[in-house]
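1. Turn this into a model:
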Amino acid sequence: MVMDILVVIVVLAFLSAATYQDLRTREVANWLSFGLLFAGLGIRTLFSFSEGWEILWAGLLGGTLCYLIGWFFHATDQWGGGDTKLLMGMGMVLGFDFRLQDFSLLLFLAYLLFGGAVFGVFWCGWIAIRQRKVFVPTFRSLQRNY
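-> You can find the predicted model right below:
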C-alpha cells in the first residue's frame, strides 16, 4: 500500500517534469531519465527487504522489458534516446511480474502509446492552425496533386 502511493507520487513528479522539459526544449534531460531509473531501483530495493525480493526482480524485469521496447522505437527513429531511458525508468518503477498477473506495466504502455497518438494529432492540429498561412496553400497543393 505504501509502496503503491510512493510509486504514484514518483511517477507523476518525474513525468510532469519530463513533459514540461520536453515541450520546452524538445528533449528529456539525462538527470530526469536516470533519476527516475535510480528512484525506481531504490524504492524497489528498500521495499524488497520487508516484502520479498520478488519486488526487486519485478522492477528489473520491467526495466529490461521497457528498455527493449524503447530500443526498438529508438532504432526505428520513432523517438529519441531520452524517451527510451525515461521509459526504462518507468518500467523499473512500475515493475512487471507475470507470476502475480500484475499487468499494470502493459496497461501503462498501452495508455502511453494511445495517449501519445492523441496528443500528436492535437499538437499537429495546433501547429497547423498557428501556421495556417503556410499550411493551407501547401495542403491544397498536395490535395490537388493527389
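
2. C-alpha only now, for contacts and for neighbours.
-> OK.

3. Which strands or helices does the helix or strand residue 62 falls within pack on?
-> Using DSSP states H and E, residue 62 falls within helix 54-75. For helix 54-75, the packing partners by 3 or more C-alpha pairs under 8 Å, 6 or more residues apart in numbering; DSSP states H and E come out as helix 30-51, helix 81-94.

4. Let me see the mean pLDDT of it.
-> In this model, helix 54-75 has an average pLDDT of 88.

5. what do you get for stretch 20-38?
-> What stretch 20-38 shows for mean pLDDT is 86.

6. buried ones in it?
-> Across stretch 20-38, burial judged by 16 or more other C-alpha atoms under 10 Å covers 27-29, 32-34, 36-37.

7. got it, and stretch 45-63?
-> Buried residues in stretch 45-63 (16+ other C-alpha under 10 Å): 45-47, 55-63.

8. List of residues touching it?
-> Outside stretch 45-63, the residues that touch it by C-alpha atoms under 8 Å, 6 or more residues apart in numbering are 3, 40-41, 44, 87-97, 105.
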